[in-house]
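**Student:** give the three-dimensional model of this entry:
(one chain, ligands or ions: 2)
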Amino acid sequence: MNKAQDFARARLSEKRYGHTLRVADTAEHLAAIHDLDTDKVRLAALLHDAARGTEPEELLRLAGTWELPADEFERENPKLLHGPVAAEMARRELGIEDEEVLDAIRFHTTGEPGMGPLALALYVADKIEPARDYPSVDRLRRLASESLEEAAAEALRTAVAYNEQRGRRTHPASLKTLAWLEESSERRME
Ligand SMILES: [Fe+2]
Ligand SMILES: [Fe+2]
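**Tutor:** Ligands and ions are numbered 1, 2, ... in the order given. Model prediction:
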């Protein structure tokens, strides 16, 4: 855990490192509420943005070297690769093999249909850490203590609406994740 924290500190600006620590505390809190492994989610949170300061060209280069899937969307928006690249750094440089932890890091930017509870906790924590300030954040914070699935769906809907307002496309994985969450929510209501 200390190694992960040092790893993040060495790679991030003061500001992003502060965000990382707040996400770690928030994710740990969510894990405790929802009966998840608090250590695992903290570890994933400490590492989630480890590649956030990496230049776009370098993200593309690393993704190529490590044979990480990068579609046309990611080649146009290399920043989206900071999740998959950070997961691979965690595996290669810190020897982390736990797939739940790696998936949580990998999928924190776009989401992924079928993502597990740990990944959902990190996804949501990233959106609601205490310094986040946007109109729907308090609603999202309340929702997060009730259901990680509902909170993640709401966060994705907000992201889609935000992109639409700005004439930007949303990553296909995010749209598929939202559809998956909405389907499972309907199943729960039945
Ligand atoms: Fe991130
Ligand atoms: Fe983040």
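**Student:** now residue 149: closest residue in space, sequence neighbours ignored.
**Tutor:** Closest residue in space to residue 149, ignoring its immediate chain neighbours: residue 181 at 5.5 Å, by Cβ to Cβ, 6 or more residues apart in numbering. For glycine as for every other residue, the C-beta is placed from the backbone atoms N, C-alpha and C.
**Student:** identify the residues contacting that neighbour.
**Tutor:** Taking Cβ atoms under 8 Å, 6 or more residues apart in numbering, we find residue 181 in contact with 149, 152-153, 156.
**Student:** among these, which two are most distant?
**Tutor:** Pairwise distances across those (Cβ to Cβ) peak at 10.7 Å, for the pair 149 and 156.
**Student:** okay, those two: which has more neighbours?
**Tutor:** Neighbours per residue, other Cβ atoms under 10 Å: of residue 149 and residue 156, the larger number sits with residue 156, 23 against 19.
**Student:** secondary structure element for that one, which one?
**Tutor:** helix 148-165 (DSSP states H and E).
**Student:** helices or strands up against that helix?
**Tutor:** Applying 3 or more Cβ pairs under 8 Å, 6 or more residues apart in numbering; DSSP states H and E, we find helix 148-165 packed against helix 117-128, helix 137-146, helix 172-189.
**Student:** reformat those helices as a markdown table; add mean pLDDT and distance to residue 161.
**Tutor:** Shown next, in a markdown table, are those (pLDDT from 0 to 100; distance: least, Cβ to Cβ, whole Å):
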| stretch | mean pLDDT | distance to residue 161 |
| --- | --- | --- |
| helix 117-128 | 98 | 14 |
| helix 137-146 | 97 | 13 |
| helix 172-189 | 93 | 11 |
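**Student:** what helices or strands is the lengthiest helix in the chain leaning on?
**Tutor:** Ranked by residue count, the top helix of the chain under DSSP state H comes out as helix 14-33. The contact analysis (3+ Cβ pairs under 8 Å, 6+ apart) places helix 14-33 against helix 2-11, helix 38-47, helix 117-128, helix 137-146.
**Student:** residues in this protein within reach of ligand 2, list them.
**Tutor:** Listed as neighbours of ligand 2 in the chain under the rule Cβ under 5 Å from the ion: 49, 126.
**Student:** switch to 6 Å and redo it
**Tutor:** Proximity of the chain to ligand 2, by Cβ under 6 Å from the ion, involves residues 19, 23, 48-49, 126.
**Student:** need the max-distance pair from those residues.
**Tutor:** For the residues of the chain next to ligand 2, with distances taken as Cβ to Cβ, the pair at the greatest spread is 19 and 48 (9.7 Å).
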